[in-house]
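K.L.:
Provided below are the primary sequence and the corresponding predicted coordinates.
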Amino acid sequence: MDLKSNHTSPVLTDNAPMNNTRLGIHSALMPYSPKGSGFSPTLFLTIPRKKSGILDDVWSSLFDAMKSSSPTHNKLTKESIIETTTISDSDVAYCKWMFKYPSALSSFEQISNNAKGKKIALFLDYDGTLSPIVDNPDHAYMSNSMRTAVRNVAKYFPTAIISGRSRDKVHEFVGLSELYYAGSHGMDIMGPVQPFTNGHKNCIKSTNKQGKEVNLFQPASEFLPMIDEVYRSLVEGTKDIPGAKVENNKFCVSVHYRNVDEKSWTTVGHSVHEILKEYPRLRLTHGRKVLEVRPVLNWDKGKAVEFLLESLGLMNRDDVLPIYVGDDRTDEDAFKVLREGNRGFGIIVSSVPKESNAFYSLRDPSEVLEFLKTLVIWKKKNVL
Ligand SMILES: O=P(O)(O)OC[C@H]1O[C@H](O[C@H]2O[C@H](CO)[C@@H](O)[C@H](O)[C@H]2O)[C@H](O)[C@@H](O)[C@@H]1O
């Protein structure tokens, strides 16, 4: 299969009206090039940051994006059940979308043909991929059957979890020590000890909880005090908004508005924006009913995938097939890296149509579970 020819020129629109950036907000809250830091300049984004006068534009587009960032599932009523006996417009739209992003389950044969003679490297996002989206981020538990499936795939394929959460938190949720973990959207990677060829200087040797020697890569370590400070300011600045929740993800901070009354979403946005004005070295990205504050650093989940492939000795090898499964905007960076290098492919987890750089789709975590089980069954058959 020629991975490049599946479909061309993917556009990342994410179902929301936006300017030429994901949020329509980047010109205000985006990149800044700090001088005199100890970092490699290539790690920093370099688009100049505008100072003022665009607040209205910024917030109207942010608000549109906030509204559409995670579909609200209609509650089942008698009427809706009767209605669903006929095919709805959204079913038709989903089916059309699946022509472009075929199901990774029904296309499994195609995937396995492509994987023949190759070593699969598996990258898995956590929230919305391995665990269902729930209202309380502290309760986003993974099912035992999913844990077993992940443990099983990891027996056959090098497997990494790449999450926006802090590395410790996502490790605690997943609870498997045989995996590699990248937290804070890839800014905190614990990987195997390997001689690095890419000269990353923020890499240090450490030991994991099992006492095994590991490599720790934290390109944003300089930002720790700033992130702690902005976390406290965000907690203070949103404390009077019922339902708002701020989560410290170590090298980034999440401001959740899933449980905030829609009428107050702009208040959340404005509060975050007011605070971030004081932090030109921080930027804002947008996930599923969450605003994510992170360092202005040229580092994302895509870079984390490349870093892990390199440290596993699997980079740029014809006999390696990386597969990345994820549901959110930040996963697009990883899909893109795999697509552009024609290295492997992304699988987008979504129950609604959305533009993506992935090649295949799965509807929800229950289909992710099926996919992982299918991979193991296929591998077992082919090993024997
Ligand atoms: O990269 P991920 O592992 O997908 O992390 C992205 C964000 O996930 C979490 O928030 C999302 O899931 C929550 C639990 O289901 C849900 O309540 C929230 O609305 C979602 O945005 C996590 O809490 C965030 O910190 C991550 O940035």
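P.N.:
That came in fine, so what should we check first? A quick note: this is a predicted structure, and the numbers were derived from the prediction, not measured.

K.L.:
what number of residues lie near the closest residue in space to Ala104 that isn't next to it in sequence?
P.N.:
Using CB to CB, 6 or more residues apart in numbering and skipping residues adjacent in sequence, the residue nearest Ala104 is Tyr360, 3.9 Å away. Where C-beta positions appear, they are placed from N, C-alpha and C, glycine not excepted. Here the number of neighbours of Tyr360 (other CB atoms under 10 Å) works out to 24.

K.L.:
and the nearest residue to Ile348 once chain neighbours are set aside, helix, strand or coil?
P.N.:
Excluding the flanking residues, the one nearest Ile348 by CB to CB, 6+ apart is Ala358, at 3.8 Å. Following DSSP: H, G, I helix; E, B strand; the rest coil, the label given to Ala358 is coil.

K.L.:
Tally up the residues packed near Ala358, please.
P.N.:
30.

K.L.:
Tyr101 is in contact with that one, correct?
P.N.:
Yes - with contact defined as CB atoms under 8 Å, Ala358 reaches Tyr101; the gap is 6.2 Å.

K.L.:
by contact count, what packs against the host helix or strand of Trp265?
P.N.:
Per DSSP states H and E: Trp265 is located in helix 265-276. Applying 3 or more CB pairs under 8 Å, 6 or more residues apart in numbering; DSSP states H and E, one finds that helix 265-276 contacts helix 26-29, helix 55-67, helix 224-238, strand 282-287, strand 290-295.

K.L.:
can you tell me the helix or strand for Phe251?
P.N.:
Using DSSP H and E, Phe251 sits within no helix or strand.

K.L.:
Who are the contact partners of it?
P.N.:
Phe251 makes contacts with 166, 183-185, 187-188, 218, 220-221, 223-224, 227, 294-295, as judged by CB atoms under 8 Å, 6 or more residues apart in numbering.

K.L.:
Out of those residues, which is nearest to the ligand?
P.N.:
Lowest distance from the ligand to those (CB to the nearest ligand atom) belongs to His185, with 6.6 Å.

K.L.:
Can you read off the backbone torsions of the nearest residue in space to the closest one that is not next to it in sequence?
P.N.:
Of all residues not flanking His185 in the chain, Gly164 sits nearest, at 5.0 Å (CB to CB, 6+ apart). Torsion angles at Gly164 (phi, psi; degrees, to the nearest 10) stand at phi -80, psi -20.

K.L.:
and this protein, which residues reach the ligand?
P.N.:
Neighbours of the ligand within the chain, by CB under 6 Å from any ligand atom: 125-128, 133-135, 137, 140, 163-165, 247, 249, 254, 256, 258, 287-290, 292, 328, 330.

K.L.:
Tell me where the protein has helices.
P.N.:
26-29, 55-67, 78-83, 89-100, 108-115, 144-156, 167-174, 224-238, 265-276, 301-311, 331-340, 365-383 (DSSP state H).

K.L.:
buried set for stretch 92-112?
P.N.:
94, 97-98, 101-102, 104-105, 107-108, 111-112 (16 or more other CB atoms under 10 Å).

K.L.:
For the residues you listed, which two are the farthest from each other?
P.N.:
Tyr94 and Ser112 (24.7 Å; CB to CB).

K.L.:
So Ile133 sits against Asp127, correct?
P.N.:
Yes - Ile133 is within contact range of Asp127, at 6.6 Å (criterion: CB under 8 Å).

K.L.:
Neighbour count: these two, which is higher?
P.N.:
For Ile133 versus Asp127, neighbours defined as other CB under 10 Å are more numerous around Asp127 (24 against 19).

K.L.:
For the more buried one, which residues are in contact?
P.N.:
Here Asp127 is in contact with 133, 137, 140, 163-165, 288, 327-328 (CB under 8 Å, 6+ apart).

K.L.:
dump the residue contacts of Ser206.
P.N.:
Shown in contact with Ser206 (CB under 8 Å, 6+ apart): 190, 213-216.

K.L.:
Let me know the pLDDT of it.
P.N.:
On pLDDT, Ser206 comes in at 78.

K.L.:
ok, now the one 5 residues further on?
P.N.:
Looking at Gly211, its pLDDT is 77.

K.L.:
How many residues are close by it?
P.N.:
Around Gly211 there are 6 residues (other CB under 10 Å).

K.L.:
swap in Gly269?
P.N.:
23.

K.L.:
wait, isn't it in contact with Val290?
P.N.:
No - here Gly269 does not reach Val290: they are 11.9 Å apart, not a contact under CB under 8 Å.

K.L.:
which ones are touching the closest residue in space to Lys245 that isn't next to it in sequence?
P.N.:
Among residues not flanking Lys245 along the chain, His256 sits closest, at 4.3 Å (CB to CB, 6+ apart). Listed by CB under 8 Å, 6+ apart, the contact set of His256 reads 137, 244-247, 289-290.

K.L.:
And for Asn249?
P.N.:
Asn249 touches 164-166, 169, 183-184, counting by CB under 8 Å, 6+ apart.

K.L.:
Please convert those to a markdown table, extending it with pLDDT.
P.N.:
Listed next are the contacts of Asn249 as a markdown table, based on pLDDT from 0 to 100:
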| residue | pLDDT |
| --- | --- |
| Gly164 | 98 |
| Arg165 | 98 |
| Ser166 | 98 |
| Lys169 | 98 |
| Gly183 | 98 |
| Ser184 | 98 |
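
K.L.:
Please convert the residues you listed to a markdown table, extending it with distance to Ser311.
P.N.:
Listed next are the contacts of Asn249 as a markdown table, based on distance: CB to CB, whole Å:
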| residue | distance to Ser311 |
| --- | --- |
| Gly164 | 21 |
| Arg165 | 21 |
| Ser166 | 20 |
| Lys169 | 22 |
| Gly183 | 16 |
| Ser184 | 17 |
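
K.L.:
The residue nearest to Lys245 pairs with what?
P.N.:
Taking DSSP bridges as the rule, His256 bridges to Lys245, Val290.

K.L.:
pLDDT score assigned to it?
P.N.:
His256 is given a pLDDT of 98.
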